[in-house]
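[1] Can you look at this prediction? I've put the sequence above it.
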Amino acid sequence: MPAWMRRPLAREGAYVHVKGVLQRHGLHTVCRSAKCPNQGECFSAGTATFLVAGGVCTRACRFCAVEPGSPPPLDPSEPERVAAAVADLGLEHVVVTMVTRDDLPDGAAAHVAAVIRSVRAAAPEATIEVLTSDFRGSREALDLVLDERPDVFNHNVETVPRLYPVVRPQADYALSLSVLEHARQRSDAPVKSGLMVGLGETVEEVVQVLQDLHRAGCSIVTIGQYLRPGPEHLPVAEFVQPEVFEALSREARRIGLAAVASGPFVRSSYRAKEAVIAARG
């Protein structure tokens with residue numbers, strides 16, 4: 001592990017409080033399920049990213065630590081429990097992501113929409129950012145979420161198209177771009193996406209993805225270092241130098257993206273509120 005990938009784990013501030021609220025309401029977070037390296041920092045700052053539609057994903061992407069398998073039925077109480085946790089934490093910007101639910105006709109889109117409604121009722125002043133699956137390309141499912149008017153819509157492309165068969169074998173790059181394009185056409189909210197580096201891609205391929213995202217209507221992009229969650233996942237091909245992240249950030253802005261978070265520890269929801277402010281100018 002290179003020196004720039006080492007940092008102390010944060011356990012101060014609101015860490016214990018956030019952890020207690022999540023446990024009390026029986027909620028999943030991408031912070032813990034995906035083994036995010038920023039969990040300590042975010043919990044200590046009083047925030048977390050909610051993972052809804054259960055804690056088991058129907059896909060088995062080879063970069064992701066979320067448990068794959070056959071999920072249990074949706075819990076109809078989850079939207080209210082997320083909303084109660086948002087109120088308890090006093091969040092001003094709420095980030096909600098989801099496991100992929102290919103087992104359900106609507107991919108759990110109605111469930112995500114219910115989460116948005118519940119959070120908005122409990123915290124009407126808060127902004128809401130959702131990070132969804134591709135819903136297998138269903139416009140009807142996607143519109144169920146978009147009709148709730150989230151303040152930010154996010155769907156990650158995750159990697160360059162050449163690596164999809166290895167990294168995301170059950171996903172499709174063109175389909176993900178079409179999800180983003182549809183969100184841009186149906187909503188006035190900023191559209192966001194993200195990708196990892198260090199999986200064997202080239203800088204030129206990453207730049208091409210940034211151009212594709214801009215054409216698809218994205219205004220916010222995140223770029224972060226892939227870290228191997230466990231021995232069953234893909235190995236890290238490269239620890240990308242900090243100056244490369246800085247160069248990619250400059251290139252993204254040159255292309256026309258309004259807000260870019262690019263760095264070794266950047267993840268989709270990392271300092272998400274700041275990215276929204278930057279995108280809105």
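    Good, I have the coordinates. Remember, it's a predicted structure, so these values are computed and weren't measured experimentally. Numbers count the residues shown, from 1 in each chain.
[2] which stretches of the protein have low pLDDT?
    Counting by pLDDT under 70, the chain contains low-confidence ranges at 7-13, 31-46, 281.
[3] That one: strands as residue ranges?
    28-29, 49-52, 56-57, 67-68, 93-98, 127-131, 152-154, 191-197, 220-225, 259-263 (DSSP state E).
[4] Look up how far Ser249 lies from the residue nearest to Trp4 when sequence neighbours are not counted.
    Nearest non-adjacent residue to Trp4, counting by C-beta to C-beta, 6 or more residues apart in numbering: Pro242, 5.4 Å away. Where C-beta positions appear, they are placed from N, C-alpha and C, glycine not excepted. Counting by C-beta to C-beta, to the nearest Å, the gap from Pro242 to Ser249 is 11 Å.
[5] Tell me the bridge partners for Thr49.
    Judged by DSSP bridges, the bridge partners of Thr49 are Val95.
[6] How many residues are close by Pro73?
    A count of nearby residues for Pro73, using other C-beta atoms under 10 Å, gives 8.
[7] An error on my part: the question was meant for Ala174.
    Counted with other C-beta under 10 Å, Ala174 comes out at 11.
[8] gap between Ser193 and Val21?
    Taken as C-beta to C-beta, the span from Ser193 to Val21 is 29 Å.
[9] Tell me which of these two has more neighbours.
    Between Ser193 and Val21, Ser193 has the larger neighbour count (other C-beta under 10 Å), namely 29 against 20.
[10] which residues in the stretch 51-200 of the chain form helices?
    Along the stretch 51-200 of the chain, the stretches classed as helices by DSSP state H, counting those that start in this stretch are 78-89, 109-122, 139-146, 164-167, 173-186.
[11] got a markdown table for the ones you listed, with distance to Tyr270 too?
    Listed next are the helices of the stretch 51-200 of the chain as a markdown table, based on distance: least, C-beta to C-beta, whole Å:
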| stretch | distance to Tyr270 |
| --- | --- |
| helix 78-89 | 17 |
| helix 109-122 | 20 |
| helix 139-146 | 22 |
| helix 164-167 | 20 |
| helix 173-186 | 19 |
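[12] Quick one: closest of these to Gln208.
    helix 173-186 (10.8 Å; C-beta to C-beta).
[13] who's more crowded, Pro242 and Ser249?
    Taking neighbours as other C-beta under 10 Å, Pro242 and Ser249 compare with Ser249 leading, 19 against 15.
[14] If we ignore the residues flanking it in sequence, what's nearest the more buried one?
    Ser262 (3.9 Å).
[15] So the one you found sits against Leu210, correct?
    No: applying C-beta atoms under 8 Å, one finds Ser262 not in contact with Leu210, separated by 9.9 Å.
[16] Please enumerate the shared neighbours of these two.
    Counting by C-beta atoms under 8 Å, 6 or more residues apart in numbering, the shared contacts of Ser262 and Leu210 are 221, 248, 252.
[17] re earlier: for Ser70, find the nearest of the helices of the stretch 51-200 of the chain.
    Using C-beta to C-beta, the nearest of the helices of the stretch 51-200 of the chain to Ser70 is helix 109-122, at 16.9 Å.
[18] Tell me which other helices or strands the closest one touches.
    Helix 109-122 sits against strand 49-52, helix 78-89, strand 93-98, strand 127-131, helix 139-146, with contacts defined as 3 or more C-beta pairs under 8 Å, 6 or more residues apart in numbering; DSSP states H and E.
[19] Adding mean neighbour count, write the ones you listed out as CSV.
    Listed next are these as CSV, based on neighbours: other C-beta atoms under 10 Å:
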stretch, mean neighbour count
strand 49-52, 26
helix 78-89, 20
strand 93-98, 24
strand 127-131, 24
helix 139-146, 20
